[in-house]
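Q: Please find the sequence and the predicted model below.
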Amino acid sequence: MAQLIDGKQLSTQVLQEVASEVELLRAEYGIVPTLAVVLVGEDPASQVYVRNKVKRAEEAGVCSIAHRLDAECTQDALNQLIDVLNNDSQVHGILVQLPLPSHLDEEEVIAAINPVKDVDGFHPLNVGALAAGRASLVPCTPQGCMIMLRQVHSDLSGKNAVVVGRSNIVGKPMAALLLQADCTVTIAHSRTKNIESLCRNADIVVAAAGRAELINADWIKPGATVIDVGINAIDLDGKRKLMGDVAFESVARIAGAITPVPGGVGPMTIACLLLNTTRAARRQLA
Ligand code: NDP
């Protein structure tokens, strides 16, 4: 059976690092790293995500302030709030929970965030810095995946990696980080031909397609490392179950290492958000 890469346990270690950095920032500069979370509307999944982020922040000693706006809020009102947060020296990180209601322009909102407070790493300047291989605020989910990969591979150089999915928030930044680590990277998507055989050649497969159990044991090379980003809520016999993009039972019999869903990439994403908040705070002090 594959080695289980336990995201819950690993995220606890990252949160301890965050807590130590919070203490250092308090002692050295008398500040408390502060994260502003903006939630527009009543989307139930977004509300759960925001609650979890606020809870973890509190546990790590990061101050979090949730700003809740009506689903009908205008673009102007949202932009004005971002402006206030950009200019508030006590706010070090700004996160706008996505997706936004359809009448709002996500790209405009992301571009309005001050890049030094962009703890999601979605601002075009941070995207460009990552693509150029320079240190920046890196998107949280791929950052968490890299920490998980490094549990298994002390050196990623020369590994064949396939990323399934090409979204701006997961697939593309994941591929950029793997490239930075000297992997040979293939990005697969819904139009990719022979996707199974591409994956079968990979030492590392990162699944971020949002398709429940898309990837089964036939896609995986024996001993490969499989990181499952997917979170798919499926109705099974009237019960809601969370499933990854990987058929865990069968793939775990052939892979060398694998992340579970839930308890894998999800907790790492939140831990990296708080890590980015402390990094943003330190950079603003500099
Ligand atoms: P998107 O829907 O934005 O992107 C999905 C990507 O997968 C697209 O590039 C799409 O291709 C590709 N894709 C879809 N179907 C297939 C297929 N059958 N074969 C190959 N590629 C396919 O999703 P996100 O990137 O936002 O999220 C991906 C998954 O990760 C979701 O389940 C999401 O819930 C989860 N997630 C989990 C997080 C965590 O913390 N664990 C954080 C963020 C996301 P194309 O571009 O051609 O349409």
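A: Everything's here; your move.
Q: For the ligand, see how far away the most centrally placed residue in the chain is.
A: The C-alpha lying nearest the average C-alpha coordinate of the chain belongs to residue 141 (C-alpha atoms, centre = their mean; 1.7 Å). Distance, residue 141 to the ligand, by C-beta to the nearest ligand atom, to the nearest Å: 4 Å. Heads up, the C-betas are built off the backbone N, CA and C, glycines and all.
Q: Residue 239 too?
A: 19 Å.
Q: Backbone dihedrals for residue 69, please?
A: Recorded main-chain torsions at residue 69 are phi -120, psi 150, according to degrees, to the nearest 10.
Q: Go ahead and confirm it touches residue 42.
A: No. Residue 69 lies out of contact with residue 42 (C-beta atoms under 8 Å); the separation is 10.6 Å.
Q: So between these two, which is more surrounded?
A: residue 69 (17 against 11; other C-beta atoms under 10 Å).
Q: Could you find the closest non-adjacent residue to that one?
A: In space, and not counting its chain neighbours, residue 69 is closest to residue 40: 4.7 Å by C-beta to C-beta, 6 or more residues apart in numbering.
Q: tell me the contacts of that neighbour?
A: Neighbouring residues of residue 40 by C-beta atoms under 8 Å, 6 or more residues apart in numbering: 68-71, 73, 78, 96-97, 100-101, 104.
Q: 10 Å instead?
A: Residue 40 makes contact with 46, 67-73, 77-78, 81, 96-101, 104, 109, according to C-beta atoms under 10 Å, 6 or more residues apart in numbering.
Q: do residue 273 as well
A: Neighbouring residues of residue 273 by C-beta under 10 Å, 6+ apart: 18, 35, 37, 53, 56-57, 62, 93, 95, 119-121, 139-141, 143-144.
Q: List the ones among the residues you listed that fall in helices.
A: When DSSP state H is applied, the contacts of residue 273 are split such that 18, 53, 56-57, 140-141, 143-144 fall in helices.
Q: among the residues you listed, who's most crowded?
A: Among the ones in helices among the contacts of residue 273, the one with the most neighbours (other C-beta under 10 Å) is residue 144, at 29 neighbours.
Q: Isn't it up against residue 7?
A: Yes. Applying C-beta atoms under 10 Å, one finds residue 144 in contact with residue 7, separated by 7.5 Å.
Q: Now for the two: what residues contact both?
A: Residues touching both residue 144 and residue 7 by C-beta under 10 Å, 6+ apart: 14, 227, 259, 264-271.
Q: Those also near the ligand: which ones?
A: Checking those against the ligand by C-beta under 6 Å from any ligand atom, the ones in range are 265-266, 269.
Q: got JSON lines for those residues, with secondary structure, pLDDT and neighbour count too?
A: Listed next are these as JSON lines, based on DSSP: H, G, I helix; E, B strand; the rest coil; pLDDT from 0 to 100; neighbours: other C-beta atoms under 10 Å:
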{"residue": "265", "secondary structure": "helix", "pLDDT": "98", "neighbour count": "30"}
{"residue": "266", "secondary structure": "helix", "pLDDT": "96", "neighbour count": "23"}
{"residue": "269", "secondary structure": "helix", "pLDDT": "97", "neighbour count": "24"}
